[in-house]
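need the 3D shape of this:
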Amino acid sequence: MSLIVQKFGGSSVADAPSIKRVAARIVETKKAGNDVVVTVSAMGDTTDDLLDLAHQVSGQPDSREMDMLLTTGERMSMSLLAMAIRDLGFDARSFTGSQAGMMTDAQHGRARIVDVTPTRVRAALDEGAIAIVAGFQGFNTDSRDITTLGRGGSDTTAVALAAVLGAEVCEIYTDVDGVFTADPRVVPRAQKLAAATYEEMLELAAAGAKVINIRAVEFARRHGVTLHVRSSFTQDVGTFISKEHGGEAVEEPIIAGVAGDTSEAKITVVGVPDIPGKAAEIFTIVAGAGANIDMIVQNVSVHEAGRTDISFTLPIEDGERTMQALEDAREESGFESLIYDDEIGRLSVVGAGMRTNAGVSAQLFTALSGAGINIEMISTSEIRISVIMRSDILPDAVRAVHRAFGLDGDVDATVYAGTGR
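Okay, here's the model as predicted:
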């Protein structure tokens, strides 16, 4: 008997018929002789609706109360799914994050898992039941408060449970057939990948691929959990994510995928004194604001000799807080001004095969040039190249680059629900 962890996203449990369909799928896995643990997200757009409601009643909702509110979405899903499974004649028991032993730090809104003690989940499995766990949430042992893991946290919940329970595989069910060479909503001829490495998926997730959360991939890599990203709407095999490409006697593909992302903003610190220690001072301020920086570029200032301009990108939700922190420190730091730009898009090409194949950069920039697309920043890693451009031209850029690398398939990909999770 194998243990399988399955995660179903919001689009897969969006309404009553969808929940019944998912329940039938879970029961099929149980009938096949497996122990099953299921993690669920909130139904459809429930989380966004709750966020809107909170901001209707409060201009600045308290973070503790926000976590209490948002976790109700997953509790609805887990209990309804357990009811549907019971109607099919199988025992199912639902658990909140705290009941499932998901222990986190005390940071509301984006808590990190520090330990998992799934005692009640194990007991349910030992008694032959299907365990349904609310994703996205946990609790802090010191404050005794409920916490949430941030966007995509249900993926992380599922992988954490798979790791600690020793699952054979963690199946991530979504509304597309697997991981594609690009978002099929943007590039209709994108092709499904049969396999991807952890490092490729980490880079794709960091670059904006929505199909799985980056923290979940990192957790899987660290604990050796095999991931299977597949559609909840078909029985087709999806994309396996593991340490290697599956052991086939073939070379790794040069490019695994092209990703586009419009969730970042750019801040330029103008006229920074060009002396040792000033960049460290700037980024200490940014770190104090809790911002996660992606790309950094430093140039000689065009305004005054002896000064430099520093530009960096960060998540849009961190932008206002970071701008205020920098503005508060402007006189002390000695820079001249700040420029904020939230209309940028990031395009990334990712592939483990880039290590051993020359000419990827030339091919990328030739494709962008041929499409008349200007770039503003460049960042590279061993298996990724990212460029910043205007957000309104990003879809055209993704399609042009995808086509230039020969990734277009012969038929359009199928998107079953439309949210990407």
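
please count neighbours and contacts with C-alpha atoms only from this point.
Noted.

show me where the stretch 201-350 of the chain has strands.
Here the stretch 201-350 of the chain has its strands, by DSSP state E, counting those that start in this stretch, at 227-231, 239-242, 257-261, 264-273, 296-300, 307-315, 337-341, 344-350.

try the stretch 51-200 of the chain
Secondary structure of the stretch 51-200 of the chain (DSSP E, counting those that start in this stretch): strands located at 92-95, 102-104, 113-116, 130-134, 137-139, 146-148, 169-174, 195-197.

among these, which is nearest Ala14?
Using Cα to Cα as the measure, strand 169-174 is the one of the strands of the stretch 51-200 of the chain that comes nearest Ala14, at 11.7 Å.

which residues does that closest one contact?
Applying Cα atoms under 8 Å, 6 or more residues apart in numbering, the contact partners of strand 169-174 are 3-9, 11-12, 155, 158-159, 162, 211-212, 225-232, 420-421.

give me the mean pLDDT for it.
Mean pLDDT, strand 169-174: 94.

chain center to that strand, what's the gap?
With Cα atoms, centre = their mean, to the nearest Å as the basis, strand 169-174 stands 14 Å off its chain's centre.

in terms of contact, does Leu193 touch Asp177 like I think?
No - counting by Cα atoms under 8 Å, Asp177 is not a contact partner of Leu193; they are 9.5 Å apart.

who has more neighbours out of those two?
When neighbours are counted by other Cα atoms under 10 Å, Leu193 and Asp177 differ, and Asp177 comes out ahead with 25 against 17.

next, the contact list for that one, please.
Going by Cα under 8 Å, 6+ apart, Asp177 touches Lys192, Val229, Arg230, Ser231, Thr234, Asp236, Val237, Gly238, Thr239, Thr414, Val415.

at 7 Å what do you get?
Arg230, Ser231, Gly238 (Cα atoms under 7 Å, 6 or more residues apart in numbering).

any idea which of the residues you listed the model trusts least?
Lowest in pLDDT among the contacts of Asp177 is Ser231, which has 90.

skipping its backbone neighbours, what lies nearest that residue in space?
With sequence-adjacent residues excluded and distances taken as Cα to Cα, 6 or more residues apart in numbering, Ser231 is closest to Asp177, at 4.5 Å.

again with Thr117
Nearest in space to Thr117, with sequence neighbours left out and distances taken as Cα to Cα, 6+ apart, is Gly101 at 4.5 Å.

any low-confidence regions in the stretch 101-250 of the chain?
245-250 (pLDDT under 70).

tell me the contacts of Leu193?
Val179, Phe180, Thr181, Thr239.

next step: those residues restricted to helices.
The members of the contacts of Leu193 all map outside helices under DSSP state H.

for those, pick the one with the most neighbours.
Most neighbours among the contacts of Leu193, by other Cα under 10 Å: Val179, with 31 neighbours.

please report the distance of the residue nearest to Ser231 from Gly135.
22 Å (Cα to Cα, to the nearest Å).

related to what we said a few turns ago, nearest to Arg93 among the contacts of Leu193?
Thr239 (29.1 Å).

do you know how far Val269 is from Gly306?
Relative to Gly306, and taking Cα to Cα, Val269 is found at 15 Å.

higher neighbour count, these two?
Shown here are Val269 and Gly306; by other Cα under 10 Å, Val269 has more neighbours (23 against 12).

wait, what's in contact with the more buried one?
Asp309, Ile310, Ser311, Ser337, Leu338, Ile339.

can you give me how far stretch 344-354 is from the chain middle?
Distance of stretch 344-354 from its chain centroid, counting by Cα atoms, centre = their mean, is 16 Å.

okay, that stretch in PDB with CA atoms only?
Output in PDB follows, covering the C-alpha atoms of stretch 344-354 (Å, rounded to 0.1, in the frame of the first residue of the first chain):
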ATOM      1  CA  ILE A 344       7.100  46.600 -15.800                       C
ATOM      2  CA  GLY A 345       7.100  43.000 -17.000                       C
ATOM      3  CA  ARG A 346       9.700  40.300 -16.600                       C
ATOM      4  CA  LEU A 347      10.400  37.600 -19.200                       C
ATOM      5  CA  SER A 348      12.500  34.600 -18.300                       C
ATOM      6  CA  VAL A 349      13.900  31.600 -20.200                       C
ATOM      7  CA  VAL A 350      14.800  28.600 -18.100                       C
ATOM      8  CA  GLY A 351      16.500  25.400 -18.900                       C
ATOM      9  CA  ALA A 352      19.100  23.100 -17.300                       C
ATOM     10  CA  GLY A 353      20.600  22.500 -20.700                       C
ATOM     11  CA  MET A 354      21.800  26.100 -20.900                       C
END
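
helices of this protein, start to end?
According to DSSP H, the helices that the chain contains are 16-31, 46-57, 63-87, 119-126, 153-165, 198-206, 214-223, 278-288, 316-328, 330-333, 360-370, 394-404.

just so I know, which of those helices lies nearest Ile296?
That would be, of the helices of the chain and by Cα to Cα, helix 278-288, which comes in at 10.4 Å.

just checking, what packs against that closest one?
Under the contact criterion of 3 or more Cα pairs under 7 Å, 6 or more residues apart in numbering; DSSP states H and E, helix 278-288 touches helix 316-328.

try it again at 10 Å.
If you count contacts as 3 or more Cα pairs under 10 Å, 6 or more residues apart in numbering; DSSP states H and E, helix 278-288 packs onto strand 264-273, strand 307-315, helix 316-328, helix 330-333.

ok now that helix, how far from the chain's centre?
Taking mean C-alpha positions (Cα atoms, centre = their mean), helix 278-288 and its chain are 26 Å apart.
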